[in-house]
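**Q** only geometry, no sequence info:
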DNA sequence: CGCGAACTTGATGTAACTCAAGGCGAGTGG
DNA sequence: CCACTCGCCTTGAGTTACATCAAGTTCGCG
């Protein structure tokens, strides 16, 4: 059954900024439906002009860019609360594809309605821009990590990010969060080979820092992971929800 | 002397979307002043909360992120027409620094006025979001390049980008555009060492593809460069101007 | 039970890094 | 005016982190 925005389970989380009442009302009108997809579904395709945009209600996915030579770059892991299709919505064309990794539930919006959002509810338009800025911020971090750090630091950074995001979404249980991806996905996200990623994970495992098994990630030594990743674990980013 | 937005030399360029008349009027009020800076000036500093935002009228600069170990990642080269400070404007904190490479002229805006932009002129708010989306798009490309390509391809990609952007800004003269940076800057942008960047540039020079000397970049074989970079040279991105 | 997908592990190769030195032009000072 | 320095570019030699190749293991599934 379709969830009414005022009952949205995500909105309560500390990860997201609070809504004004009128914003909730607006979102209810903006939301045209809800959608379940199976693992492996392509939600949006690179260079395509989708008429639909989404917010992830539950489940996880992958943003990635395919290159001509057949390789791919994973841009980001998609979590609940993420907005999908901003580029298609604003520029009319996606720079990357989005694929469901697990089964997912999505709130569906019409691309054509975006303009009404700018015209009739500045708060929501601002939120959308805020989301874009947060994404830009993240991509800067990612670029710096991929560009300048060693394999060990890269892996630590990625898993630290995942862990922090999971915590903000209240997905943690005994220092364990769901991470339903393949090692190849992580390798493609970090610009490493599968083999080297595997060996690096092995090292972190042997040193007792973490364990990633059966789609679950457990962090034993958060402090050490943070050091390796050289990340401020202190300030969690609060961002809008669409 | 301060330029009136209706006389803005950038607005005429094919690189930018056209303005409605009311948008020009608004920008004239939004613009609080103009500013000249010397090479080396830090316009915005990572993690700071600047009260001012800028659009580059002329000159060039560098966006970069400093890492704890003293290294840096160059995020992008700053060209005329670029908007600086979106993250500070929306999120209240910059994820990177911006530095002037040449002397620059900047249009100055107040961070505090951003909200009025959303409230009173949706077209401009949309433009701002559009800019953010374009930047996200670019960073995705950059990530894929840094993550997956060889040094030769990386350098080719970067210089191809530069050349294309310069063309859109009408900065070309005999296949030559200004590129007033150091090899170290390019190296830091691509995640390569200075030495290796130098050798790669040497290769492209010897093969007659390009020449970068005395702050000027000449492309002799655009086609070959595009192939190495595996880039659609066909569709130039048109984006808003702030 | 056989097969394929994902994860491991070891051996070997190489692209890119680091270190070190030299060249070249611009600025400076004795 | 020559000697010196300083920033940037260039080049060569040696090292290494990561990639590639090649098996092998485990496990779920038809």
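**A** Sure thing, it's come through. For clarity, every value in this text was computed on a predicted model and none was experimentally measured. Residues are numbered from 1 along each chain as shown, chains lettered A, B, ... in the order given.

**Q** where's residue A:63, which helix or strand?
**A** Assigned by DSSP states H and E, residue A:63 falls within strand A:61-66.

**Q** what does whichever helix or strand comes after that strand contact?
**A** Once the chain leaves strand A:61-66, the next helix or strand it forms, by DSSP H and E, is strand A:72-78. Outside strand A:72-78, the residues within contact range by CB atoms under 8 Å, 6 or more residues apart in numbering or on different chains are A:56, A:60-67, A:84, A:96, A:98, A:101, A:138-139, A:142, A:162, A:181, A:185-186, A:188-189, A:191, B:140, B:143-144, B:147-148. C-betas here are computed from N, CA, C, even on glycine.

**Q** Pull out the buried members of those.
**A** Buried subset of these (neighbour count, 16 or more other CB atoms under 10 Å in any protein chain shown): A:56, A:60-65, A:67, A:84, A:96, A:98, A:101, A:138-139, A:142, A:162, A:181, A:185-186, A:188-189, A:191, B:140, B:143-144, B:147-148.

**Q** Tell me which of those fall in helices.
**A** Of the buried ones among the contacts of strand A:72-78, the ones assigned to helices by DSSP state H are A:138-139, A:142, A:162, A:185-186, A:188-189, B:140, B:143-144, B:147-148.

**Q** burial of residue A:34, as a residue count?
**A** Applying other CB atoms under 10 Å in any protein chain shown, we find 14 other residues in the vicinity of residue A:34.

**Q** those helices in chain A, which residues are they?
**A** Using DSSP H, the helices of chain A run over residues A:21-30, A:86-91, A:114-120, A:122-148, A:151-168, A:183-190, A:194-206, A:222-229.

**Q** pLDDT wise, what is the spatially most central residue of chain A at?
**A** Geometric centre of chain A, nearest residue: residue A:78, 2.9 Å, by CA atoms, centre = their mean. pLDDT, residue A:78: 98.

**Q** got the contact list for the strand holding residue A:63?
**A** Residues contacting strand A:61-66 (CB under 8 Å, 6+ apart): A:43, A:46, A:72-78, A:84, A:95-102, A:104, A:181, A:185, A:188, B:140-141, B:143-144.

**Q** Neighbouring strands - and their directions - for that strand?
**A** Paired neighbours of strand A:61-66 in the sheet (DSSP bridges): strand A:72-78 (antiparallel), strand A:97-100 (antiparallel).

**Q** Off-centre distance for the first one?
**A** On the basis of CA atoms, centre = their mean, to the nearest Å, strand A:72-78 sits 9 Å off its chain's mean C-alpha point.

**Q** repeat for stretch A:37-45
**A** 15 Å.

**Q** And for stretch A:89-100?
**A** 14 Å.

**Q** do stretch A:133-148 as well
**A** Using CA atoms, centre = their mean, the offset of stretch A:133-148 from its chain centre is 13 Å.

**Q** just to revisit the earlier point, how about the helices of chain A in TSV, adding distance to DNA strand D?
**A** Below are the helices of chain A laid out as TSV (distance: least, CB to the nearest atom of the strand, whole Å):
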stretch	distance to DNA strand D
helix A:21-30	37
helix A:86-91	27
helix A:114-120	39
helix A:122-148	10
helix A:151-168	4
helix A:183-190	7
helix A:194-206	3
helix A:222-229	12
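
**Q** quick one on the thing from earlier: tell me which of the strands paired with strand A:61-66 is the most buried.
**A** For these, the largest average neighbour count (mean count of other CB atoms under 10 Å in any protein chain shown) is found in strand A:72-78, namely a mean of 23.

**Q** Chain B is nearest to which of the helices of chain A?
**A** Of all the helices of chain A, it is helix A:122-148 that lies closest to chain B, at 3.2 Å by CB to the nearest CB.

**Q** anything in that closest one near DNA strand C?
**A** No - Helix A:122-148 stays out of contact with DNA strand C when judged by CB under 7 Å from any atom of the strand, the minimum separation being 9.1 Å.

**Q** what angle separates that helix from helix B:183-190?
**A** Per axes from the mean of the first three to the mean of the last three CA atoms, to 10 degrees, the angle that helix A:122-148 makes with helix B:183-190 is 110 degrees.

**Q** How is chain A divided into domains?
**A** Following the assignment in automatic domain parsing, chain A carries domains at A:5-126, A:143-229.

**Q** export those domains to a markdown table and tack on distance to residue B:119?
**A** As requested, the domains of chain A are exported to a markdown table (distance: least, CB to CB, whole Å):
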| stretch | distance to residue B:119 |
| --- | --- |
| domain A:5-126 | 5 |
| domain A:143-229 | 30 |
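
**Q** do you know how far residue A:216 is from residue A:174?
**A** From residue A:216 across to residue A:174, the span is 10 Å (CB to CB, to the nearest Å).
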